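Asks: Have a look; sequence and predicted model below, questions after that.
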Amino acid sequence: MNRKNDNPEKEIEKEGLIKAKKLQKVFVVGGGFARSRLLAVDDVSFQVNKNEIFTLAGESGCGKTTVSKILLGFLEPTQGEVYYRDKNILELQKWEEKKQFMKEVQSIFQNPFETFNPLRKVDSYLHDTAKNFGMNGKKRDKKAVEEALQSVGLGMEEVQGRYPSEFSGGQLQRISIARALITKPSLLVADEPVSMVDASLRMSIVNLFKELRDEYSVSVLYITHDLATAYYVSDRIGIMFRGNIVEMGDVEEVLMNPKHPYTQMLKESIPEADPKKKWTERVSITELETEEYMRKGCKFAGRCPFVEEKCKDFMPEEFFVDGRMVRCWLYEK
Amino acid sequence: MESFKELMKDGRFKFAFIVICVLALMSILSFFSPYNPLKWNVVPRDLPPRWPHILGTTSQGQDLFWQSTFAIRNSLIIALIASSISRVIAVIVGLIAGYKGGKVDTILMSINDSFVVMPLLPILILIASVMRENLTMVTLGLILSLFGWAWDARVIRSQILSLREREFTYTAILSGTRTFSLVIKEYFPFIIPIIFSTVINNMIWAIGMEVTLAILGLTNIEVPTIGTMIHWAVNYQSMLLGYWWWILTPVVISILLFVALYLLSSSLSEYLDPRTRIQRIGKAGQ
Amino acid sequence: MDILKTENLKSYYILEMGETKKEVKAVNDVTINIHEDEIYGIAGESGCGKSTFLKTICKLVEPPLRMIGGTIYYQIDGKYVEITEIKEEDFRKLRWKYISYIPQGSMNALNPIIRIRESFKDFFTAHQKIENEERDFEEPLKKHLSALGLPVRVLKSYPHQLSGGMRQRTTIALATILKPRIIVADEPTTALDVVAQRAVIQLLKDIQKLQKNTIILVTHDMAVHANITDRIGIMYAGMFVEEARTDDIFENPLHPYTKFLIASLPKMGDKTYKPSVPGVPPSLSNLPPGCPFHPRCPYVMDICKKEIPQLVELNTEHKSACFLNSKERVE
């Protein structure tokens, strides 16, 4: 892997690597006479810059996984575009172009045990990746695989000839990351990469992301519901709620000084791993989730402590306050 | 082979394997038969089992033992032709329908379902009664294969549909694997147990069909098969006349064959089932 | 008094593949005392044996899991009763009335085709006689739900109409309606969103305050433990390696594994480097000799490789199973 040259003045490149513009995704649920439309992703725009870790955070069902699938080209959006290095990925028709995109944008998934076929040896995926992305020649392929494994702290002997069931979740997740790194990607999309990894090994993977950003110039799109690790590892963050990004900006700003009522509530509700900081107030929760998805105006209107009439009828626009984006009528000025 | 030793530990497989070996041996013996199976009255008629006619003789003057060797051989040939060709069709249809989805899937499944709901026996009876003497073993095998793929194609399709949604499909795509290799590398290990267990079931079905058609007198009854042997035995009223060895021989052979094939199928499919395979892999990892 | 005690409890999964036998030592010699009127948390990695421990103490041991040795005591009306050998028919009287088990993923265990009210009724009638429906069933049910802050209208709903959080709370209400003395909950908040998680934890706290019983809570989420438990037991490779009051675990962890665990917890507002535990957890069917943590322990000594350290009380209510800790105490 190419390490960045030791440069005392670290250049921060704020160039957009991948840009999502007004993405919308509608799923048709049910069949025959009982069909209904589920607006899973609604008017989502954001970008991941070079040398940055961007988190897309939100509860399960907020649409973040759908967004990641659209970004990877696995799902077509109902509306909107995705630009990678200023090229619209939806217009990529030829296999060669798609392959080039995959070379630069790789992904790892939530369940390390599902990431690999239980009936295939794990290293076969690594070798396939090396061969298919033209590392050229058997010797070079092997070297590429070895290097990738080393960068995640694993050795060839540990991995060779073994099946997924012979590894722990943490190890498999690292192997999955190693596979993704073989093509020397510029962007790694990590969908809930540590939620199924034991607490004791979680930080090693999260620390690895930092290393990838700092030493190998790999940007990471980190998708999670765990705000604590999001705070720890990311530069910028976008908070998603029921298909919209409701707040987005520098992670320090958004999480330490949240402006959107949902972000505020979210931050309140995260249990702190500190017995001195127990929750003191009570909370009420909704009973029917689907109601919120189908709302006309702001989807949080049903639970928002600052709700006004306008909120129920009109979806708030994106307003820019204090160096971040907030989608809330409170910040209209 | 390791796998073979493992399989032999399963009582079912052991029994099935032995029986099938015996039957296979008998079908090989058919090449050494001293009598021409198509000729009548080559031996004294209606003799009960006694050396040298160890299974007795028929009212047509044929030695039951040597007839059986041909019968087993021919029935097995029909069954093998039918089941292997229908597997190929089932796999191709199932794979394409399952992976492609959309319009292709709809079209293929409509054709498939038509074959599934077709009333098989009446159609076979119709075909057989039209073709009669031209219905050679190979022809019969081919016709049976055309009707034997539909059910299993759907089974394979369902398996592919569920595999398509599993995360490792995406990992393979991200590894640069293209569709065709993906299906072979990733999905085949899951499809193979289905192929194995259904091939044997299909063979059982094919033999059953052949016996049914033969008893009804619709196949070429000159050619000795398990079915035709039963046909002649019934026709000559062997039970009533007390020639029990004549009807019992093909019946016992067919029962043995069915039971052995069934046990083979269930023990093999259990062995090949991905879940038990994974457990065995885990053991090897220590 | 203690409400539940175990002594040298061992339960293994016995797996046989052909000729080879594999013993997964999920609960490996556990001696623990759980007090009355407390919330006791059990923390540890996935696969460390915590769920198996819960199943064992609730007598939900089914092959391939087998209880190999040790004893379990319940405290019933002031006396310790050994329930290890008790017959299933006798134990059935204790289930749900004395000890109640909420398994992992239980929010998905409600019968999807009947209304919640019917689920409750089925459950009730299986354990208690209903002579007058209004008096014996409806009244206590409504009272229970309102005491727990659950809207009575959930009774009329079907499970799929409720959110995950609401279903989980309903399941907890169901498990506690007969006012059991011990509630055992296995990962009650996993797979719930943060707000629902908070509501569930709130609910458990309320129940405990109301019914003054004991809750044994298993979760790998240390933040949940911090918020609700009085004491925590840390499990590793089938053994309890540390046990203390919650504050002590977080402020003064003694066992090297616990130390690593606490140091690796990310905190909001804190961007300093968080290490993780080196190495990998051991396979429960192939445990190293001596202390199961020794291959990963930076303080490993010779004795650690040979002998298994026992849980020893080092400070008030603070136990640790580590030769380093007991050595320090001696010195």
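Replies: Noted; the coordinates are in hand.
Asks: Spell out the residue ranges of the helices in chain C.
Replies: C:50-57, C:88-94, C:116-127, C:139-147, C:164-176, C:194-211, C:222-228, C:246-251, C:256-263, C:302-306, C:323-330 (DSSP state H).
Asks: Show me the beta-bridge partners of residue C:101.
Replies: With DSSP bridges as the criterion, residue C:101 is bridged to residue C:184.
Asks: right, and it touches residue C:172 too?
Replies: No: here residue C:101 does not reach residue C:172: they are 11.5 Å apart, not a contact under C-beta atoms under 8 Å. Quick note: C-beta positions are derived from backbone N, CA and C, even for glycine.
Asks: low pLDDT regions in the stretch 1-150 of chain B?
Replies: Within the stretch 1-150 of chain B, the ranges that satisfy pLDDT under 70 run B:1, B:133.
Asks: tell me which element the residue nearest the centre of chain A falls in.
Replies: By C-alpha atoms, centre = their mean, the mean C-alpha position of chain A lies nearest to residue A:223, the distance being 2.8 Å. Mapping residue A:223 onto the secondary structure by DSSP states H and E places it in strand A:219-224.
Asks: Is any residue of that strand near chain B?
Replies: No: judged by C-beta under 8 Å from any C-beta of the partner chain, strand A:219-224 makes no contact with chain B; its nearest approach is 14.4 Å.
Asks: Now do the very next helix or strand once past that strand: which elements does it pack against?
Replies: On the C-terminal side of strand A:219-224, the closest following helix or strand by DSSP H and E is helix A:227-233. In terms of contacts (3 or more C-beta pairs under 8 Å, 6 or more residues apart in numbering or on different chains; DSSP states H and E), helix A:227-233 is packed against strand A:53-57, helix A:199-216, strand A:219-224, helix A:251-256.
Asks: now do 6 Å
Replies: Helix A:227-233 sits against strand A:53-57, helix A:199-216, with contacts defined as 3 or more C-beta pairs under 6 Å, 6 or more residues apart in numbering or on different chains; DSSP states H and E.
Asks: Tell me which helix or strand comes right after it.
Replies: Following helix A:227-233 toward the C-terminus (DSSP H and E): strand A:236-241.
Asks: Can you pull out the low-pLDDT segments for chain A?
Replies: Along chain A, segments meeting pLDDT under 70 span A:1-14, A:30-32, A:34, A:135-136, A:280-295.
Asks: Would you mind listing what in it touches chain C?
Replies: Contacts of chain A with chain C, taken as C-beta under 6 Å from any C-beta of the partner chain, map to A:59-60, A:168, A:198-201, A:203-204, A:228-229, A:231-232, A:269-275, A:278, A:283, A:285, A:287, A:289.
Asks: count of neighbours near the residue of the stretch 1-150 of chain B found nearest chain C?
Replies: In the stretch 1-150 of chain B, the residue found nearest to chain C is residue B:9; the distance is 5.8 Å by C-beta to the nearest C-beta. Residues contacting residue B:9 under the criterion other C-beta atoms under 10 Å in any protein chain shown number 11.
Asks: chain center to stretch B:218-237: distance?
Replies: Remark: stretch B:218-237 is offset 20 Å from the chain centroid, using C-alpha atoms, centre = their mean, to the nearest Å.
Asks: buried sites along that stretch?
Replies: B:218-221, B:223-233, B:236 (16 or more other C-beta atoms under 10 Å in any protein chain shown).
Asks: Repeat that for stretch C:116-124.
Replies: Within stretch C:116-124, the residues scored as buried using 16+ other C-beta under 10 Å are C:116, C:117, C:119, C:120, C:121, C:124.
Asks: quick one, helices of the chain?
Replies: Looking at chain A here, since you left the chain open. Using DSSP H, the helices found in chain A span residues A:64-72, A:95-104, A:112-115, A:122-132, A:138-151, A:156-159, A:169-181, A:199-216, A:227-233, A:251-256, A:261-269, A:289-293, A:309-313.
Asks: looking at chain B here, not the other one
Replies: B:2-8, B:11-29, B:64-100, B:102-117, B:120-131, B:137-147, B:150-164, B:167-174, B:179-182, B:188-215, B:226-235, B:244-272, B:274-284.
Asks: Can you add distance to residue A:192 and give the ones you listed back as CSV?
Replies: Below are the helices of chain B laid out as CSV (distance: least, C-beta to C-beta, whole Å):
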stretch, distance to residue A:192
helix B:2-8, 38
helix B:11-29, 43
helix B:64-100, 27
helix B:102-117, 30
helix B:120-131, 50
helix B:137-147, 48
helix B:150-164, 21
helix B:167-174, 12
helix B:179-182, 24
helix B:188-215, 26
helix B:226-235, 59
helix B:244-272, 33
helix B:274-284, 24
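Asks: Surely residue C:83 touches residue C:74?
Replies: Yes: between residue C:83 and residue C:74 there is a contact under C-beta atoms under 6 Å: 5.4 Å.
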